[in-house]
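In: Got a sequence here, can you build the structure:
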Amino acid sequence: MATLTKKRKAATANFDASKSYSVAEASKIVKDITTTKFDASVDLAIRLGVDPRKANQMVRGTVTLPHGTGKVLRVLAIVTPDKEAEAKAAGADFVGLDEYIEKIKGGWTDVDVIITMPSVMGKVGALGRVLGPRGLMPNPKTGTVTMDIGKAVTDSKGGKIDFKVDKAGIIHAGIGKASFTADKLAENANELLQTIIKLKPSSAKGTYVKSVTLSSTMSAGIIIDTKVLN
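Out: Numbering: from 1, shown residues only. Prediction:
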């Protein structure tokens, strides 16, 4: 690990792992305690008071982070020939139909997002065994099965992320990089949190947002005060 500067040492000393902080405070701390030589990802873990086994308590959705994720996403558009130019103009990295269906059948999944259209979902749906476990299956709910291919590609490139509560009731999502300013990290975090709050299932009882932790790659987790979120 790189030698800590005096500033970072002071910040680390002032950070109390058992204390909860505001989103703005946590965003400053995560920058101060991140000492990796590479540009670490910054992530939120949000534990919800829901039972994900019940369909009416499944929390999932999309959000466009105001400052993007800092990641360069590779987008594949599986579309009919009449939509290829639209996908390319919007910045899709790979565009085609049957040749990519065959590549994926052969195990190729070197992309981050797959966008397709309703008329092609029959072919794409058959790839579920390959795409499902990797979280790459297009879904109308997340805007990745649509006739507006250009907008879907632009959104994905511009910082739109999908999130879904896991079996343990936790949503994990990347909200930026350690090189972002603390303000940008805080704004991204708040955008995600407010979106999740709006999606609170009416059937969820008790405390909805149980805990929120902000961390970067290899850093300690910083507990965010949830009193203002419930």
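In: All the strands of the chain, in order from the start?
Out: For the chain, the strands defined by DSSP state E occupy 20-21, 41-48, 60-64, 75-78, 94-96, 113-116, 160-164, 170-177, 209-216, 222-224.
In: Restricting to C-alpha, output the third one in PDB.
Out: In other words, strand 60-64. Extracted C-alpha coordinates of strand 60-64, given in PDB (Å, rounded to 0.1, in the frame of the first residue of the first chain):
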ATOM      1  CA  ARG A  60     -35.600  -3.200  -8.800                       C
ATOM      2  CA  GLY A  61     -35.200  -0.300 -11.200                       C
ATOM      3  CA  THR A  62     -32.900   2.000 -13.100                       C
ATOM      4  CA  VAL A  63     -31.400   5.400 -12.400                       C
ATOM      5  CA  THR A  64     -29.300   7.800 -14.400                       C
END
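In: Off-centre distance for that strand?
Out: In terms of C-alpha atoms, centre = their mean, to the nearest Å, the centre of strand 60-64 is found 8 Å from the chain centre.
In: what's around the nearest residue to residue 46 once chain neighbours are set aside, how many residues?
Out: Of all residues not flanking residue 46 in the chain, residue 171 sits nearest, at 4.6 Å (C-beta to C-beta, 6 or more residues apart in numbering). All C-beta atoms are positioned from the backbone trio N, CA, C, and that covers glycine. By other C-beta atoms under 10 Å, 21 other residues sit near residue 171.
In: distance of residue 171 from residue 58?
Out: Separation of residue 171 from residue 58 (C-beta to C-beta, to the nearest Å): 11 Å.
In: Check residue 37 too.
Out: Going from residue 37 to residue 58 by C-beta to C-beta gives 39 Å.
In: These two - which one has more neighbours?
Out: Higher neighbour count among residue 37 and residue 58: residue 58, with 14 against 7, using other C-beta under 10 Å.
In: circling back to that earlier point, is it possible to get the strands of the chain out as TSV so that each row also shows distance to residue 153?
Out: Formatted as TSV, these follow (distance: least, C-beta to C-beta, whole Å):
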stretch	distance to residue 153
strand 20-21	37
strand 41-48	23
strand 60-64	13
strand 75-78	6
strand 94-96	9
strand 113-116	6
strand 160-164	10
strand 170-177	20
strand 209-216	29
strand 222-224	33
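In: Relative to residue 130, which of those strands is closest?
Out: Nearest to residue 130, of all these, is strand 113-116, at 10.7 Å by C-beta to C-beta.
In: Kindly reformat the strands of the chain as CSV containing mean pLDDT and distance to residue 128.
Out: Converted to CSV, the strands of the chain look like this (pLDDT from 0 to 100; distance: least, C-beta to C-beta, whole Å):
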stretch, mean pLDDT, distance to residue 128
strand 20-21, 94, 41
strand 41-48, 96, 26
strand 60-64, 90, 17
strand 75-78, 98, 14
strand 94-96, 98, 19
strand 113-116, 96, 12
strand 160-164, 89, 16
strand 170-177, 96, 22
strand 209-216, 96, 32
strand 222-224, 95, 36
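In: quick one: which of those strands is nearest residue 136?
Out: strand 113-116 (5.2 Å).
In: Touching that closest one from outside, list them.
Out: Residues outside strand 113-116 that contact it (C-beta atoms under 8 Å, 6 or more residues apart in numbering) are 73-79, 87, 92, 124, 131, 136-138, 144-146, 149, 152-153, 156.
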